[in-house]
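Participant: with the input below, show me the fold.
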Amino acid sequence: RSMAVENFMPTKYNIYKFWEWIKQRLPLQVIRQPWDVQPGQGRRRPTDYPSLVKRYESWVYKCASMNATAVAAVPLRLYIRGTTSRFGTKVLDYRQRQHIGKVANGQAEEIEEVFNHPLLDLLADPNPDQTGIEYRELVTLYAELVGNAYTYVENGVLGIPKALWPLMAQYVEIVPGDRQVKGYLYGKIPTDREAYDAEEVIHYRYPNPLDPWYGLGPTQAAVKAIDQSISMADYRQEFFDNSARLDFAITVPEGTPSAERERLLREWAARYGQKGKRHLPGVLMGDMDIKTFSFSPQDAVLIDQAKFSREEIAAIFGIPMSFLEISAARAEAEAHQYLYAIYTLTPRLRRLEQCFNERLVTRYDNTGRLFLAFDDVVPENVEQAMNQRDRDLRNWTITINQARAGLGMEAVPYGDVPLNYTTGMPILTRPQPSPQTNPAQEIGQRETWCPVCKLHHKTMPEMTVNEKKLYNMAMGWHEGMRTEILRNIDQNMRA
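Facilitator: Purely as a prediction, here's the structure:
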């Protein structure tokens, strides 16, 4: 009513304003995106997911299994912000603090690791048929194949999960709601499927800019290269079975009946077409002759094309080619392992742990204190870490025990004493004199004759066991240097 029809011009701005005016006056259910469906109905999957799972062979098997096993092998730990007395906790070591500091936005000092919790028991034994590693490997494998992984959460007493059951992702359909997922339909037969509420299923998926509900996996992205690889593998198999191309032809006189030609082909195939008989000499009669065909250069091109398809599949899955070649140099493999950990493995770990934190951890704690995190998988630069640790020790940034904890070593009694920057030795701490006494007068009264230097030395206060060890080492070195110097002087004087 507020818009004059006679003054309306079909410009982009006016169309946009008109659409905004319509949306304000229509019910929320009417305004939909092009990909939406009516609530309560399963949305059709954008791809034939069962066919993607059937491609789980050859290089797809290698690449998808490698990513899945790599993700499953990384330890998944539970952490808590602050302290608690309900569950067993322990402080983080040096490397954990560095890693968790990145995950928890620099608040690693307030975080402890939880090693005794029902959630950890569930992740270690998700269901009676699978172990924790098998479950995480299967979840990642479905994500690699179809871009989606679904887990049915079986609740126990008080709504606490007691089992995690992975569903076959190729047989799951999403039921969209108004703005979010309303539920899931699971089953191979469309007329006999089981319905789950959205809260009963954990949906883990890869990003997909083409669809708001379903994920996009590497197999779907590489489907053309995969089909080419499968076709070339079939061609090579038929080639070795001597059926891919025509090697020769038998010429017969013109006018030979078709029945006679068929009989000749059957007899030739029965005698020379079986394995072990293909190199036997043939016998021709009458006017029959054999015409051979040369090897087509296109066959060699197709064989070389198989290598390019393999490289394309590996690149889409994020697998370095050195992982697929036994002859790769060790230095090259280690460099590729570093890149694989950064660009392929770490993003998958972060995505999976955030999915668990949002859809599983909140079933135990909705305050945000508990969270799951995988260990850091990026290989440490040994030389750089050693230099950094040495600088931290000399600058008193960390103590010896903190450095040893980062290396997984036990603490030592002298490990909390800082190091001397010049000598690299622990600084010997001595008790301060009492304020009631005169330090100068007290020290001046304690002098002893040193048999090594032949001088008077002020007596030090009572030393600890470690200080005595260091003192004896220094005195032994001093005595050895004195003996060597005197021997050299005596030899020079005699000369």
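
Participant: so residue 488 sits in a helix?
Facilitator: Yes. Remark: residue 488 belongs to a helix, assigned using DSSP: H, G, I helix; E, B strand; the rest coil.

Participant: state the distance from it to residue 482.
Facilitator: The gap separating residue 488 from residue 482 is 11 Å, by CB to CB, to the nearest Å. Placement of C-beta: from N, CA and C, glycine included.

Participant: repeat for residue 269
Facilitator: 101 Å.

Participant: check residue 170 too.
Facilitator: Separation of residue 170 from residue 482 (CB to CB): 83 Å.

Participant: and the strands in the stretch 351-495 of the chain?
Facilitator: 370-374, 447-450, 455-458 (DSSP state E, counting those that start in this stretch).

Participant: mind checking pLDDT for residue 46?
Facilitator: pLDDT recorded at residue 46 is 67.

Participant: oh sorry, the question was meant for residue 280
Facilitator: Note on residue 280: pLDDT of 55.

Participant: what do you get for residue 177?
Facilitator: 85.

Participant: same question, residue 416
Facilitator: With respect to pLDDT, residue 416 has a value of 80.

Participant: could you report the neighbour count for the nearest residue to it once chain neighbours are set aside?
Facilitator: Closest residue to residue 416 apart from its sequence neighbours, by CB to CB, 6 or more residues apart in numbering: residue 399 at 5.2 Å. Look at residue 399: counted by other CB atoms under 10 Å, it has 19 neighbours.

Participant: with residue 489 instead?
Facilitator: Neighbours around residue 489, by other CB under 10 Å: 10.

Participant: how near is it to residue 476?
Facilitator: To residue 476, residue 489 is 21 Å away according to CB to CB.

Participant: point out where the stretch 51-200 of the chain drops to low pLDDT.
Facilitator: Within the stretch 51-200 of the chain, the stretches with pLDDT under 70 are 106-108.

Participant: which parts of it are helices?
Facilitator: In the stretch 51-200 of the chain, the helices defined using DSSP state H, counting those that start in this stretch lie at 58-73, 94-103, 118-124, 132-146.

Participant: also the stretch 201-350 of the chain?
Facilitator: 218-221, 223-240, 258-272, 297-317, 330-340, 346-359.

Participant: closest one to residue 372 among the ones you listed?
Facilitator: helix 346-359 (5.1 Å; CB to CB).

Participant: buried sites along that closest one?
Facilitator: Neighbour-count burial for helix 346-359 flags 346, 348, 349, 352, 353, 355, 356, 359 (criterion: 16 or more other CB atoms under 10 Å).

Participant: got these as TSV, with distance to residue 314 and pLDDT columns?
Facilitator: TSV is the format used below for the buried residues of helix 346-359 (distance: CB to CB, whole Å; pLDDT from 0 to 100):
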residue	distance to residue 314	pLDDT
346	18	94
348	16	97
349	20	96
352	22	97
353	25	95
355	26	96
356	28	97
359	31	94
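
Participant: closest to residue 76 out of these?
Facilitator: Of all the buried residues of helix 346-359, residue 353 has the smallest distance to residue 76: 7.1 Å, by CB to CB.

Participant: for that closest one, which non-adjacent residue is spatially closest?
Facilitator: That would be residue 372: by CB to CB, 6+ apart, it lies 5.1 Å from residue 353.

Participant: pull the number of nearby residues for that neighbour.
Facilitator: 21.

Participant: who are the contact partners of it?
Facilitator: Contacts for residue 372 (CB atoms under 8 Å, 6 or more residues apart in numbering) come out as 76, 77, 78, 79, 119, 353, 356, 357, 360, 361.

Participant: so the fourth one is in contact with residue 375, correct?
Facilitator: No. At 11.5 Å, residue 79 and residue 375 do not qualify as touching, with contact defined as CB atoms under 8 Å.

Participant: more neighbours, the two?
Facilitator: residue 79 (20 against 13).

Participant: the more buried one bridge partners, please.
Facilitator: Going by DSSP bridges, residue 79 is paired in beta bridges with residue 113, residue 371.

Participant: with just CA atoms, put stretch 331-345 into PDB.
Facilitator: Extracted in PDB, the C-alpha atoms of stretch 331-345 (Å, rounded to 0.1, in the frame of the first residue of the first chain):
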ATOM      1  CA  ALA A 331      64.600 -36.200   3.100                       C
ATOM      2  CA  GLU A 332      61.900 -35.600   0.500                       C
ATOM      3  CA  ALA A 333      59.500 -37.900   2.400                       C
ATOM      4  CA  GLU A 334      60.200 -36.100   5.700                       C
ATOM      5  CA  ALA A 335      59.500 -32.700   4.000                       C
ATOM      6  CA  HIS A 336      56.300 -34.000   2.600                       C
ATOM      7  CA  GLN A 337      55.300 -35.500   5.900                       C
ATOM      8  CA  TYR A 338      55.600 -32.000   7.400                       C
ATOM      9  CA  LEU A 339      53.400 -30.500   4.700                       C
ATOM     10  CA  TYR A 340      50.900 -33.400   5.000                       C
ATOM     11  CA  ALA A 341      50.600 -32.800   8.800                       C
ATOM     12  CA  ILE A 342      50.000 -29.000   8.300                       C
ATOM     13  CA  TYR A 343      47.700 -28.900   5.200                       C
ATOM     14  CA  THR A 344      45.900 -32.300   5.300                       C
ATOM     15  CA  LEU A 345      45.900 -33.900   8.700                       C
END
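
Participant: residue 53 and residue 213, how far apart?
Facilitator: 19 Å.

Participant: show me which of those two is the more surrounded one.
Facilitator: The neighbour count for residue 53 versus residue 213, taken as other CB under 10 Å, is higher for residue 213 (20 against 17).

Participant: quick check: that one touching residue 174?
Facilitator: Yes. Contact status for residue 213 versus residue 174: in contact at 4.7 Å, counting by CB under 8 Å.

Participant: what sits against the closest residue in space to residue 194 that isn't next to it in sequence?
Facilitator: Nearest non-adjacent residue to residue 194, counting by CB to CB, 6+ apart: residue 186, 5.1 Å away. The neighbours of residue 186, taking CB under 8 Å, 6+ apart as the test, are 150, 152, 167, 168, 171, 172, 173, 193, 194, 195, 196.
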